[in-house]
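Novice: What follows is a predicted structure for the sequence shown.
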Amino acid sequence: MKPDLHRFPLLVAWEMTRACLLACRHCRASAEPHPLPGELSTEEGLALLRELATYTPKPILLPTGGDPLARPDLFLLLEEAQRLGLKVGITPAVTPRLTREVVARFKELGVHQMAISLDGASPETHDGFRGVPGTFALALEALDWAREMGLMTQVNTTVSRLTVGELPGIAEILKAKGVATWEVFFLVPVGRGALLQSLSPEEYEEVMHLLYELSRRYPFKVRTTEGPMFRRVVLQRRAKEGEEDGALVGAGRGVHLSDGLGFVFVSSTGEVYPSGFLPLSAGNVRERPLLEIYRQSPLFLALRDKTRLKGKCGLCEYKEICGGSRARAFAETGDYLAADPRCAYTPRTNAPGPAPLHG
């Protein structure tokens, strides 16, 4: 049965801490070497996990940061998630804290998938982007450890003008390392990412088509974050190639997550955002249950109502499966319901929308 994304989120990202030893040039969190005051305590974290376990269906928990390994209670929290039957996909920072023993512990605690960031196909490009020498080599080593232990892996890549030329080379590495999923993040100018040059709308479109071609050539799934126009490109390309079902690559047929729709982000201090890239708080889990905020906040309700989209996103026949990046619209225009300024597509306003996808 298709989940009701208006009632329950499917993915819950928890920024466990902003502490991180890296200084990545795109960092949304502008992470610091040490934890900041006010982060959710162990007991508050446990309470959050116990609430998630009451949802139907139970969501996938995504511990992120900063670096989750900077929290002394990480493994205690993962033990509770395992006890509660929550599926976990963790995103540790590639620092000396990430060891073979840590990867083995992830596997032992039932972590479903470990995500590692890779933003270049060589040490020069990746380490330059991440701000610390040696991270490229350690990232590849961590992928090898996970493969040896039977822990499924994902690679996260941020697309910016600095990294776009690296995508084909990164795809080759993913194939060699047996990676299951490639999550490609499209830069939203927040945090340190505001300092980087974004691609033009035409360049975004070219990258979407490149990702589609790579998804057809390689065995791993390709997904995008803050790049929902990839779903449109997939449908258009599949239709052109005569494939009737138009199933989305790696996204699940008929389930289209977006900021505030099926996805929710809990900050290190308990603030609830539609995504980590849309810095508008709808409440705090210290004051109200997460599910109440998700279901009732005016912000989340507006984001889930595609009839409220403005400009060409509101006119687009693909708005139900795409809708543009609300985070990018807010970052570049100040209006989270505005048209995505990085989309090159011109809607066919008199055309019917695409046929619904069926599971």
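Specialist: Looks like it came in fine. Everything quoted here is computed from the prediction, not taken from an experiment. Residues are numbered from 1 along each chain as shown.
Novice: Can you pull out the low-pLDDT segments for the stretch 151-300 of the chain?
Specialist: Along the stretch 151-300 of the chain, the model assigns pLDDT under 70 to residues 190-196, 243-254.
Novice: how does it look with 80?
Specialist: Along the stretch 151-300 of the chain, the model assigns pLDDT under 80 to residues 189-197, 243-254.
Novice: Helices of that one, start to end?
Specialist: Under the criterion DSSP state H, counting those that start in this stretch, helices of the stretch 151-300 of the chain are mapped to 167-177, 201-217, 229-240, 290-296, 298-304.
Novice: Excluding chain neighbours, give the residue nearest to the most centrally placed residue in the chain in space.
Specialist: What sits nearest the mean C-alpha location of the chain, by C-alpha atoms, centre = their mean, is residue 225, with 4.8 Å. Among residues not flanking residue 225 along the chain, residue 185 sits closest, at 4.5 Å (C-beta to C-beta, 6 or more residues apart in numbering). C-beta coordinates here come from the backbone N, C-alpha and C atoms, glycine included.
Novice: related to what we said a few turns ago, next, the contact list for the residue nearest to the centre of the chain, please.
Specialist: 183, 184, 185, 186 (C-beta atoms under 8 Å, 6 or more residues apart in numbering).
Novice: Residue 41 and residue 222, how far apart?
Specialist: With distances taken as C-beta to C-beta, to the nearest Å, residue 41 is found 38 Å from residue 222.
Novice: Repeat that for residue 3.
Specialist: Residue 3 is 22 Å from residue 222, by C-beta to C-beta.
Novice: Between the two, point out the one with more neighbours.
Specialist: The residue with more neighbours, out of residue 3 and residue 222, is residue 222; 23 against 17, by other C-beta atoms under 10 Å.
Novice: what's around the residue lying closest to that one once chain neighbours are set aside, how many residues?
Specialist: Leaving aside its sequence neighbours, residue 222 sits nearest to residue 215 (C-beta to C-beta, 6+ apart; 4.0 Å). Residues lying near residue 215 (other C-beta under 10 Å) number 20.
Novice: okay but residue 215 is in contact with residue 223, surely?
Specialist: No: contact criterion C-beta atoms under 8 Å: residue 215 and residue 223 do not qualify, at 9.4 Å.
Novice: Wait, a helix at residue 88?
Specialist: No: assessed by DSSP: H, G, I helix; E, B strand; the rest coil, residue 88 does not belong to a helix; its assignment is strand.
Novice: That one bridge partners, please.
Specialist: Note on residue 88: beta-bridge partners by DSSP bridges are residue 61.
Novice: So for it, what's the pLDDT?
Specialist: At residue 88, the model reports a pLDDT of 98.
Novice: and if you look at the one 5 residues further on?
Specialist: Turning to residue 93, the model gives it a pLDDT of 95.
Novice: Residue 176: neighbour count?
Specialist: Other residues within reach of residue 176, judged by other C-beta under 10 Å, total 10.
Novice: rewinding a little: could you work out which of the helices of the stretch 151-300 of the chain reaches nearest to residue 45?
Specialist: Nearest of these to residue 45, taken as C-beta to C-beta: helix 290-296 at 12.1 Å.
Novice: wait, doesn't residue 222 sit right on residue 213?
Specialist: No: if you go by C-beta under 8 Å, residue 222 and residue 213 don't touch, sitting 10.0 Å apart.
Novice: Could you pull out the strands in the chain for me?
Specialist: 11-15, 60-64, 87-90, 113-117, 152-159, 181-186, 221-225, 258-259, 262-266, 272-273 (DSSP state E).
Novice: Other residues contacting the longest one?
Specialist: Identification of contacts with strand 152-159 by C-beta under 8 Å, 6+ apart yields 26, 89, 91, 112-119, 129, 143, 146-147, 163, 166-167, 170, 173-174, 177-187, 193, 199, 207, 227.
Novice: what pairs with it, and is each one parallel or antiparallel?
Specialist: When DSSP bridges is applied, strand 152-159 pairs with strand 113-117 (parallel), strand 181-186 (parallel).
Novice: gap between the first one and the chain center?
Specialist: Its chain's average C-alpha position is 11 Å from that of strand 113-117, according to C-alpha atoms, centre = their mean, to the nearest Å.
Novice: Tabulate the helices of the stretch 151-300 of the chain in a markdown table, adding columns for distance to residue 60.
Specialist: Output for these, formatted as a markdown table (distance: least, C-beta to C-beta, whole Å):
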| stretch | distance to residue 60 |
| --- | --- |
| helix 167-177 | 21 |
| helix 201-217 | 21 |
| helix 229-240 | 19 |
| helix 290-296 | 14 |
| helix 298-304 | 18 |
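Novice: about what we covered before: residue 115 versus the residue nearest to residue 225, what's the distance?
Specialist: 11 Å.
Novice: Mind checking which of these two has more residues around it?
Specialist: The neighbour count for residue 185 versus residue 115, taken as other C-beta under 10 Å, is higher for residue 185 (22 against 18).
Novice: show me what contacts the more buried one?
Specialist: Contacts of residue 185 by C-beta under 8 Å, 6+ apart are 156, 157, 158, 159, 224, 225, 226, 227.
Novice: hmm, 10 Å instead?
Specialist: Listed by C-beta atoms under 10 Å, 6 or more residues apart in numbering, the contact set of residue 185 reads 26, 28, 117, 119, 156-160, 163, 193, 223-227, 277.
Novice: what does residue 307 give?
Specialist: If a contact means C-beta under 10 Å, 6+ apart, then residue 307 has 314, 319 as its contacts.
Novice: Please repeat the previous calculation with a cut-off of 8 Å.
Specialist: residue 314.
Novice: Equivalent analysis for the one 3 residues further on, please.
Specialist: By C-beta under 8 Å, 6+ apart, the contact list for residue 310 reads 335, 337, 338, 339.
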